[in-house]
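Q: curious how this folds, go ahead:
(one chain, ligands or ions: 1)
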Amino acid sequence: MIADLNDALQDPFAGSNYDVCICGAGVAGITLALKLSKRLNVLLLEGGGFDYSSESQSVYQGENVGDDYVDPSIGRLRFLGGASNHWGGDCRPLDSYDFQPKAYLPDSGWPIQASDLKPYLKPAETMLELSHDDPWVEPSGPLQERLDASPSFQSINFKVSPPTRFGTRYRSELEQRSNISCYLNASVLDLQLSEDPSSLDHFRVRNYAGKEFQAKARIFVLATGGIENPRLLLNSDRQVPGGVGNQNQLVGRYFMDHLFCDPAEFIFEDAFSEYVDSNPFGDSFKGRLRQHICENQWIRDVIDDLRERDIDCLSSVRNFFSPSLELLEAERVLNFNVRMRVRTPGHGELTDGRIIMSSEQAPNPLSRIMLGDDLDQFGMRRVKLDWKVSALDIETIRRGIIRFGEAFARLELGRIKMTDWLLTDEIAARVRPVHHHMGTTRMGESPREGVVDSTQKVFGTKNLYVAGSSVFTTGGHANPTLTIVQMTLRLADHINSVV
Ligand SMILES: Cc1cc2nc3c(=O)[nH]c(=O)nc-3n(C[C@H](O)[C@H](O)[C@H](O)COP(=O)(O)OP(=O)(O)OC[C@H]3O[C@@H](n4cnc5c(N)ncnc54)[C@H](O)[C@@H]3O)c2cc1C
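A: Numbers count the residues shown, from 1 in each chain. Model (predicted):
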């Protein structure tokens, strides 16, 4: 069932024996609630309602004192379904390589491996309404074939979710499941430990009328996103100085995002261009783009409109490439992908298209979520973000694009034209984060290396778990949500086995 805590006249939690209490009904929280065993009595607490409201959203306001970051209250959404209410839907699992420790990358290496998440890939695809049939590597076309001949890059694919809006897609399942009690407008503001400080006793929960309740359970899970998970732990410092799980001052540290930028344009070799032109409806990407345009009146109208307004129009046909492990190790850089977007024919530009790059950030303890002095309406200290872009983050973009350009030329596909700012200090202003909040309650082998263990349980506690990308040890280059769902399905299996 789903109920509204604002309507509660009496304490709805009193006398209920909940097995599991989940804080946050976004991608991770809803996945976990639905995949926990039906024999478990589950309480799912969501701070917002069915839809956007400014009173809930304002809880997300904070400040950034570090490198230029998007306003943390804009990227996130605080109501049922969380940020899935406006996510893009691009999905790809992390590479096996991402889980390995790298000698040149301090704090790399997860306590789990890609193989631990593999059994959850297909079920995660189902949750995210992805095709099981689409391949993770791009089917061959002339460009793909030639680049695949290069040992340094391979063509890859992202699957695209409809995108699944978790709040609307799974609302009726939440309503119908008799073992799940989901309360909206139920904000958790504090984690209360029992007399044994390794055990969580209850969440303090408040509605917007100012009434406070206690939610007790055997197991507790924080699933409030990569910024809010550490904020809740840090704010819960009435019984433990520095906050719950923060005995080694790691909560909030290692904040990572993915970096996007447009570092180059490209021009095809004449011979390759002619080959592509002579196969206009072949499976080359230029051919596919043309087919797409010719067959679709709506796209033609949009393009005409963009042309009239002289806006550079790039294809939506996807061509992703990622570096080989050999290249990453030889260059000692972070993981990344490049995508080539072909310019609309007839725009009159000199180049054939633009290269967009998405890259990993190095785990950096100085890049972190802290608490500011300002309080929200529940009396919780607001987020103070100190986002840092490191020298290795920048070097990855530069070296990555240069190596891609070399492969492009060596294979006689064409030439890339680097932007003027790529090799200058201006690059820092050109990279943009994309709301993938990772690393702030990272998974580690021991409490000295992480906030949660390999089961996502907070070190030093017996019954507190964290779900979502805050537990990522490193970020890889793939968008995070598919991995979040895989890990949450694994967490559900774990909790089902211990409760
Ligand atoms: C514009 C945009 C585009 C994106 N595109 C992609 C993409 O293409 N591919 C991809 O993989 N990822 C993408 N993402 C990231 C994706 O949205 C997140 O990875 C995903 O939503 C994280 O899920 P989550 O459940 O961990 O957190 P959230 O979705 O943030 O959910 C957290 C939930 O907790 C609730 N909550 C918060 N605090 C409390 C509290 N104190 N008490 C009770 N409830 C609380 C919130 O209301 C929310 O419902 C995008 C994000 C944005 C912003």
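Q: quick check, residue 473 in contact with residue 440.
A: No. Judged on CB atoms under 8 Å, residue 473 makes no contact with residue 440 at a distance of 11.5 Å. The C-beta positions use only the backbone N, C-alpha and C, and glycine is treated the same way.
Q: between these two, which is the more surrounded one?
A: In this view residue 473 and residue 440 are compared by other CB atoms under 10 Å, and residue 440 has more residues nearby, 32 against 25.
Q: and that one, what element?
A: Here residue 440, judged by DSSP states H and E, is contained in no helix and no strand.
Q: surely it meets residue 250?
A: No. Counting by CB under 8 Å, residue 440 stays clear of residue 250, with 9.1 Å between them.
Q: per-residue confidence at the closest residue to the ligand within the chain?
A: The ligand sits closest to residue 26 of the chain, with a gap of 1.9 Å, by CB to the nearest ligand atom. Here the pLDDT value assigned to residue 26 is 98.
Q: let me know how buried the closest residue to it other than its chain neighbours is, in neighbour terms.
A: Nearest non-adjacent residue to residue 26, counting by CB to CB, 6 or more residues apart in numbering: residue 82, 2.4 Å away. Neighbourhood size, residue 82 [other CB under 10 Å]: 29.
Q: report the residue ranges of every domain in the protein.
A: Domain ranges of the chain: 2-129+164-258+437-498, 259-359+393-430, per automatic domain parsing.
Q: highest average neighbour count across these?
A: domain 2-129+164-258+437-498 (a mean of 20; mean count of other CB atoms under 10 Å).
Q: quick check, residue 96 in contact with residue 114.
A: Yes. Using CB under 8 Å, residue 96 makes contact with residue 114 at a distance of 4.1 Å.
Q: show the subsequent helix or strand relative to the longest helix out of those in the chain.
A: The longest helix of the chain (DSSP state H) is helix 391-410. The helix or strand immediately downstream of helix 391-410 is strand 414-418, counting by DSSP H and E.
Q: tell me the helices and strands packed up against that next one.
A: strand 259-268, helix 391-410 (3 or more CB pairs under 8 Å, 6 or more residues apart in numbering; DSSP states H and E).
Q: same list (the ones you listed) but as a markdown table, adding mean pLDDT.
A: Shown next, in a markdown table, are the helices and strands packed on strand 414-418 (pLDDT from 0 to 100):
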| stretch | mean pLDDT |
| --- | --- |
| strand 259-268 | 92 |
| helix 391-410 | 95 |
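Q: adding distance to the ligand, write the ones you listed out as CSV.
A: Below are the helices and strands packed on strand 414-418 laid out as CSV (distance: least, CB to the nearest ligand atom, whole Å):
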stretch, distance to the ligand
strand 259-268, 11
helix 391-410, 19
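Q: and the ones you listed: which comes nearest residue 3?
A: Among the helices and strands packed on strand 414-418, the nearest to residue 3 by CB to CB is strand 259-268 (40.1 Å).
Q: tell me the angle that closest one makes with strand 414-418.
A: 140 degrees (axes from the mean of the first three to the mean of the last three CA atoms, to 10 degrees).
Q: strand 259-268 pairs with which strands?
A: Applying DSSP bridges, strand 259-268 is found paired with strand 353-359 (antiparallel), strand 414-418 (antiparallel), strand 432-433 (antiparallel).
Q: in TSV, list those along with mean pLDDT and distance to residue 480.
A: Output for the strands paired with strand 259-268, formatted as TSV (pLDDT from 0 to 100; distance: least, CB to CB, whole Å):
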stretch	mean pLDDT	distance to residue 480
strand 353-359	91	12
strand 414-418	89	28
strand 432-433	94	13
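Q: any chance of the ones you listed in JSON lines, plus distance to the ligand?
A: Listed next are the strands paired with strand 259-268 as JSON lines, based on distance: least, CB to the nearest ligand atom, whole Å:
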{"stretch": "strand 353-359", "distance to the ligand": "11"}
{"stretch": "strand 414-418", "distance to the ligand": "25"}
{"stretch": "strand 432-433", "distance to the ligand": "10"}
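Q: those residues of the stretch 101-250 of the chain touching the ligand, which are they?
A: 187, 188, 223, 224, 225, 228, 232 (CB under 6 Å from any ligand atom).
Q: among those residues, which are in helices?
A: Using DSSP H, those in helices are 228, 232.
Q: reformat the residues of the stretch 101-250 of the chain next to the ligand as TSV; add pLDDT.
A: As requested, those are arranged in TSV below (pLDDT from 0 to 100):
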residue	pLDDT
187	98
188	98
223	99
224	98
225	98
228	98
232	98
